[in-house]
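> compute the structure for the input listed below.
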Amino acid sequence: MRLKESEELGGAYVNCWIKADSSDEAHSTAFEYLASEGWIVEGVEHECRLVTEPNEEARERFEQAQIDGECYVFHNWPIGDHSEESLH
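Model (predicted):
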């Protein structure tokens, strides 16, 4: 996360689309990318799962991961939001 973002963002949940040979490889790839961007992963809501035929809503991200190897969608919130909610 860039310095300006770190001053404005309270956190995010991230959908990760990873082209990998195993769920362990996908998990590792996602964690390495997030760490390289300055994010600290506090939890995983859904474990990795194999997708061979995405639904219509996910098709664009699936196809982008097929091309680039990875695709991340960040759902950010500002500092102060969600502070009273429990983490998953």
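
> let me see the contact set for the residue nearest the centre of the chain.
Centrality entry for the chain: nearest residue to the mean C-alpha point is residue 14, 3.0 Å, by Cα atoms, centre = their mean. Residues in contact with residue 14 (Cβ atoms under 8 Å, 6 or more residues apart in numbering) are 30, 34, 39, 72-75. To be clear about C-beta, it is placed using only N, CA and C from the backbone, and glycine gets the same treatment.

> next SSE after whichever helix or strand it is part of?
Assessed by DSSP states H and E, residue 14 sits inside strand 9-18. Following strand 9-18 in sequence order, the next helix or strand is helix 23-36 (DSSP H and E).

> which strands and helices lie in contact with that following helix?
Helix 23-36 is packed against strand 9-18, strand 70-78, with contacts defined by 3 or more Cβ pairs under 8 Å, 6 or more residues apart in numbering; DSSP states H and E.

> taking these together, which one is wrapped up most tightly?
strand 9-18 (a mean of 17; mean count of other Cβ atoms under 10 Å).

> now the angle between strand 70-78 and that strand, please.
Relative orientation of strand 9-18 and strand 70-78, computed by axes from the mean of the first three to the mean of the last three Cα atoms, to 10 degrees: 160 degrees.

> now strand 9-18: mean pLDDT?
Here strand 9-18 scores 92 as its mean pLDDT.

> partners of that strand in the sheet?
Here strand 9-18 is paired, per DSSP bridges, with strand 70-78 (antiparallel).

> alpha carbons of the strand it pairs with, in PDB - could you do that?
Extracted in PDB, the C-alpha atoms of strand 70-78 (Å, rounded to 0.1, in the frame of the first residue of the first chain):
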ATOM      1  CA  GLU A  70      -3.100 -13.000 -11.200                       C
ATOM      2  CA  CYS A  71      -5.900 -10.600 -10.800                       C
ATOM      3  CA  TYR A  72      -6.800  -8.800  -7.500                       C
ATOM      4  CA  VAL A  73      -9.900  -6.800  -6.700                       C
ATOM      5  CA  PHE A  74      -9.600  -4.600  -3.600                       C
ATOM      6  CA  HIS A  75     -12.700  -3.500  -1.600                       C
ATOM      7  CA  ASN A  76     -11.300  -0.700   0.600                       C
ATOM      8  CA  TRP A  77     -12.800   1.200   3.500                       C
ATOM      9  CA  PRO A  78     -11.500   4.400   5.100                       C
END
